[in-house]
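**Student:** Structure here, sequence nowhere to be found:
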Ligand SMILES: [Zn+2]
Ligand SMILES: [Zn+2]
């Protein structure tokens with residue numbers, strides 16, 4: 001008889017790994033132990049060589065469904081004699097080397113428990129098991145044990161304890177286990193200091209009744225507070241918009257189940273699978289012509305043809321949704337532009353400005369997260385729009401060959417998310433919002449500190465964007481001093497290209513790849529504002545080969561919320577058409593802006609986002625936006641209403657490395673003068689962009705094309721590209737990350753790795769500061 005040690009890394013904690021090993025060992029009559037460590041799961045056992053190998057192979061080949069194994073070893077060690085097989089206390093000595101288990105939506109077994117009136121968990125709002133419940137959001141240190149979570153103070157009742165210790169129970173060693181006898185205390189407030197109930201059943205029935213009456217209720221979820229109200233009640237939604245100062249930005253909906261959702265939206269197979277998945281994201285779905293549940297579409301998503309919806313991912317939300325039996329608005333509870341509120345004290349302090357009631361409970365949230373958002377195009381291409389709860393913070397498999405390096409990439413300023421490479425493991429934070437407000441900056445810093453503390457990482461290299469004014473880049477500089485780390489700047493759009501290469505495992509591709517990087521803004525190598533860029537990747541190097549022809553950047557960053565300013569900038573270069581947009585300004589404005597363009601701005605932009613904004617203005621779709629991306633979203637929705645699937649396109653020639661957009665703008669204006677329907681013009685614009693990509697591909701002679709940048713959140717554009725080019729070109733879209741700036745952190749590491757694996761050309765040389 002020998003003694004063996006097995007070490008397994010990956011997502012192996014909080015997913016029922018120890019109970020699974022314990023059961024298997026017991027079935028095979030093996031003696032030894034299993035335990036959690038900071039670097040994974042450790043097992044020791046007595047067995048002969050053949051049995052040990054059968055046991056080992058069994059674990060590796062059939063792990064629990066939510067586990068991901070990244071690395072595993074078996075070694076023969078000095079003999080020790082074990083009696084029985086046990087789960088031993090966790091070992092905290094090693095350095096952390098583990099993937100972090102994300103939060104998981106309530107599983108079907110737990111739904112059965114809370115809806116079966118003979119079950120002891122009937123109606124219990126915090127039911128969890130090994131297969132579901134919060135993990136990352138409640139973990140304050142490693143390894144994952146109850147004492148290292150925000151449930152540390154709670155003691156299990158004898159029955160829960162029995163389940164916990166029963167190796168055949170699905171709550172064996174479930175760290176989040178509780179029931180109504182040892183319940184997580186729950187509270188309903190009607191004002192900051194007036195708690196009206198602590199009674200779980202009573203609270204849920206009051207919440208349902210008040211929702212029916214049109215009240216707005218703030219309910220604590222997994223990653224923060226949500227604001228709920230009846231999505232069929234006009235007054236309730238109008239009140240919510242007024243109180244939240246949110247005139248038009250669409251709200252997401254929470255449906256009690258798929259059957260109810262099917263009454264309002266088109267549910268493809270992929271959409272249903274995504275909605276029911278343990279990550280439980282918001283999925284943008286195409287609205288049916290008539291809403292059978294009577295949701296107030298015009299108030300929920302004004303002028304759009306899609307709504308975001310999700311299914312209840314916590315038992316509490318499930319019980320409320322089931323009781324109400326109608327779709328609810330479920331939107332992150334925050335105060336105008338600030339991050340999601342996740343602390344009870346702050347919720348009670350601030351949320352009564354918006355909500356009539358606040359529902360809290362005594363399981364703290366350590367890591368705030370918004371709901372993740374995804375969509376599928378009509379051609380079933382998946383696009384991640386926001387990567388957060390359920391998806392963050394692991395990135396697996398790690399696409400980098402950099403080993404034994406600790407690299408922190410600070411990401412971009414808007415749609416911020418940082419990336420952290422810790423030896424073999426790669427983490428990408430949840431979406432951390434736009435770093436313009438102090439609260440967002442605080443939240444970024446807190447999340448970053450939490451992750452580096454949790455993993456005990458001290459970065460040796462810090463990567464930042466080239467933009468001199470970014471908060472995240474300033475923060476990166478501070479940290480570089482603190483950690484005595486190397487600080488390196490990476491250009492924004494090269495980072496985008498690096499990200500889509502890494503996301504498709506193309507980082508050291510032998511083939512040349514064309515990168516079409518179209519977004520709103522990024523600071524260029526020539527100090528201009530880039531955003532309509534084409535790069536060629538060849539042998540670990542990137543080169544900018546074509547870009548959208550420059551036009552003046554007016555009003556700095558404010559240009560992005562004012563499509564008419566983008567139009568003005570475009571038309572300032574086609575002065576004979578300037579008067580076409582004069583009516584979008586009053587006289588004082590027109591005089592002011594006419595002077596502004598005469599002054600000849602030194603700052604130029606090649607932004608594709610601004611070109612689309614300008615077109616939306618010329619078409620008089622929107623002149624001033626109330627949220628980021630509104631104009632292009634409306635342009636897309638408008639184009640989708642065009643039933644005449646014409647293949648016409650505008651002229652977008654490539655001359656001297658520039659995509660000349662001037663001719664297209666003239667032709668659009670002519671089409672408007674000729675009374676061509678605006679939806680046909682909008683569709684023709686997207687056709688033109690797809691056609692332009694084909695021209696770029698021909699121009700460069702490269703047939704492998706990768707896409708990144710916020711413009712590629714546009715489902716119609718993606719489908720038009722697929723329709724025109726699939727089969728003839730190899731197309732690469734983002735896989736695990738969003739094409740928007742959330743991918744910049746990953747891309748910064750990609751560019752860093754490329755710079756290390758090439759003799760640097762001047763274009764690729766990274767500037768160390
Ligand atoms: Zn469960
Ligand atoms: Zn209990």
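**Tutor:** Yep, that arrived. Owing to the predicted nature of the structure, the values given are computational and were not obtained by experimental measurement. Ligands and ions are numbered 1, 2, ... in the order given.
**Student:** chain center to the strand or helix carrying residue 494, what's the gap?
**Tutor:** Element membership for residue 494 (DSSP states H and E) is helix 492-503. How far helix 492-503 lies from its chain's middle: 17 Å, per CA atoms, centre = their mean, to the nearest Å.
**Student:** what residues does the stretch 151-300 of the chain put near ligand 2?
**Tutor:** Taking CB under 5 Å from the ion as the contact definition, the stretch 151-300 of the chain meets ligand 2 at 157, 160, 179, 181, 182. C-beta: built from backbone N, CA, C; applies to glycine.
**Student:** count of residues packed around the last one?
**Tutor:** The local packing count at residue 182 equals 15, with neighbours defined by other CB atoms under 10 Å.
**Student:** Then the fourth one?
**Tutor:** Neighbours of residue 181 under the rule other CB under 10 Å: 12.
**Student:** For it, which three-state class applies?
**Tutor:** Of the three states, residue 181 takes helix under DSSP: H, G, I helix; E, B strand; the rest coil.
**Student:** Residue numbers of this structure in contact with ligand 1?
**Tutor:** Checking the chain against ligand 1 by CB under 5 Å from the ion, the hits are 107, 110, 129, 131, 132.
**Student:** ok, of those residues, which one's closest to residue 87?
**Tutor:** When these are compared for distance to residue 87 (CB to CB), residue 129 wins out at 16.6 Å.
**Student:** does the closest one really touch residue 171, like I thought?
**Tutor:** Yes - counting by CB atoms under 8 Å, residue 171 is a contact partner of residue 129 at 5.2 Å.
**Student:** what do these two both touch?
**Tutor:** Counting by CB atoms under 8 Å, 6 or more residues apart in numbering, the residues touching both residue 129 and residue 171 are residue 177.
**Student:** With neighbour numbers in mind, choose between the two.
**Tutor:** Using other CB under 10 Å as the criterion, residue 129 and residue 171 rank with residue 171 on top: 25 against 22.
**Student:** so what's the closest residue to the more buried one other than its chain neighbours up against?
**Tutor:** Nearest non-adjacent residue to residue 171, counting by CB to CB, 6 or more residues apart in numbering: residue 163, 4.1 Å away. Taking CB under 8 Å, 6+ apart, we find residue 163 in contact with 169, 171, 172, 174, 177.
**Student:** can I get the residues you listed in JSON lines with pLDDT and secondary structure?
**Tutor:** JSON lines is the format used below for the contacts of residue 163 (pLDDT from 0 to 100; DSSP: H, G, I helix; E, B strand; the rest coil):
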{"residue": "169", "pLDDT": "95", "secondary structure": "coil"}
{"residue": "171", "pLDDT": "96", "secondary structure": "coil"}
{"residue": "172", "pLDDT": "94", "secondary structure": "coil"}
{"residue": "174", "pLDDT": "95", "secondary structure": "coil"}
{"residue": "177", "pLDDT": "97", "secondary structure": "coil"}
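**Student:** residue closest to the middle of the chain?
**Tutor:** residue 387 (1.2 Å; CA atoms, centre = their mean).
**Student:** Now do that one, the pLDDT please.
**Tutor:** With respect to pLDDT, residue 387 has a value of 97.
**Student:** mind checking how far it is from ligand 2?
**Tutor:** Using CB to the ion, to the nearest Å, one gets 35 Å for the distance from residue 387 to ligand 2.
**Student:** Now do the end-to-end distance for stretch 359-376.
**Tutor:** This stretch, stretch 359-376, spans 33 Å end to end (CA to CA, to the nearest Å).
**Student:** How about the stretch 201-350 of the chain: which residue is closest to ligand 1?
**Tutor:** Residue of the stretch 201-350 of the chain nearest ligand 1, by CB to the ion: residue 315 (8.9 Å).
**Student:** any idea of the pLDDT on residue 424?
**Tutor:** For residue 424, the predicted pLDDT is 89.
**Student:** Determine how far the lengthiest helix in the chain lies from the middle of the whole chain.
**Tutor:** When the chain is parsed with DSSP state H, its longest helix is helix 678-700. Offset of helix 678-700 from its chain centre (CA atoms, centre = their mean): 28 Å.
**Student:** That helix - contacts with which helices or strands?
**Tutor:** With contacts taken as 3 or more CB pairs under 8 Å, 6 or more residues apart in numbering; DSSP states H and E, helix 678-700 sits against strand 513-523, strand 529-538, strand 541-548, helix 608-618, helix 630-640, strand 654-655, helix 662-673, helix 715-725.
**Student:** what is the orientation angle of it with helix 630-640?
**Tutor:** 100 degrees (axes from the mean of the first three to the mean of the last three CA atoms, to 10 degrees).
**Student:** And helix 678-700, what's buried?
**Tutor:** Neighbour-count burial for helix 678-700 flags 678-694, 696-697, 700 (criterion: 16 or more other CB atoms under 10 Å).
**Student:** Next: stretch 52-61.
**Tutor:** Judged by neighbour count using 16+ other CB under 10 Å, the buried positions of stretch 52-61 are 52, 55, 56, 59.
**Student:** Report the mean confidence score over it.
**Tutor:** The average pLDDT within stretch 52-61 is 97.
**Student:** how distant is that stretch from the center of its chain?
**Tutor:** Mean C-alpha position of stretch 52-61 versus that of the full chain (CA atoms, centre = their mean) differs by 35 Å.
**Student:** just stretch 730-745 next, same as before
**Tutor:** 11 Å.
**Student:** ditto for stretch 578-595
**Tutor:** The chain centroid and the centroid of stretch 578-595 are separated by 39 Å, computed with CA atoms, centre = their mean.
**Student:** List the buried residues for it?
**Tutor:** Those would be 578, 580, 581, 584, 585, 590, 593, for stretch 578-595 by 16+ other CB under 10 Å.
**Student:** Need these in a markdown table (columns: distance to residue 730 and pLDDT).
**Tutor:** Shown next, in a markdown table, are the buried residues of stretch 578-595 (distance: CB to CB, whole Å; pLDDT from 0 to 100):
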| residue | distance to residue 730 | pLDDT |
| --- | --- | --- |
| 578 | 42 | 95 |
| 580 | 40 | 96 |
| 581 | 40 | 96 |
| 584 | 42 | 96 |
| 585 | 46 | 95 |
| 590 | 48 | 95 |
| 593 | 44 | 91 |
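**Student:** how about these, which pair is most distant?
**Tutor:** Greatest spatial distance among the buried residues of stretch 578-595 (CB to CB): 580 and 593, at 14.1 Å.
**Student:** Which two among the buried residues of stretch 52-61 are spaced furthest apart?
**Tutor:** Pairwise distances across the buried residues of stretch 52-61 peak at 10.9 Å for 52 and 59 (criterion: CB to CB).
**Student:** Residue of the stretch 151-300 of the chain nearest ligand 1, please.
**Tutor:** Closest residue of the stretch 151-300 of the chain to ligand 1, CB to the ion: residue 170 (7.1 Å).
**Student:** Tell me how far that residue lies from residue 129.
**Tutor:** As defined by CB to CB, to the nearest Å, residue 170 lies at a distance of 5 Å from residue 129.
**Student:** Relative to residue 723, which of the contacts of residue 163 is nearest.
**Tutor:** Closest approach between the contacts of residue 163 and residue 723, by CB to CB: residue 174, at 48.1 Å.
**Student:** Isn't that closest one up against residue 166?
**Tutor:** No - Residue 174 is not in contact with residue 166 according to CB under 8 Å; the separation is 10.7 Å.
**Student:** So those two - more neighbours on which side?
**Tutor:** Legend: neighbour count by other CB under 10 Å for residue 174 and residue 166, higher for residue 174 (23 against 13).
**Student:** count of neighbours near the residue nearest to the more buried one when sequence neighbours are not counted?
**Tutor:** Spatial nearest neighbour of residue 174, chain neighbours left out: residue 130 (5.0 Å); criterion: CB to CB, 6+ apart. Neighbourhood size, residue 130 [other CB under 10 Å]: 27.
**Student:** now do residue 226
**Tutor:** 26.
**Student:** Heading C-terminal from the helix or strand harbouring it, find the next helix or strand.
**Tutor:** Secondary structure assignment for residue 226, by DSSP H and E: strand 225-230. Per DSSP H and E, strand 225-230 leads on to helix 234-244 as the next helix or strand towards the C-terminus.
**Student:** for that following helix, packing partners?
**Tutor:** By 3+ CB pairs under 8 Å, 6+ apart, helix 234-244 packs against strand 225-230, helix 297-300, strand 328-332.
**Student:** Before I go, just wanted to say thanks for your time.
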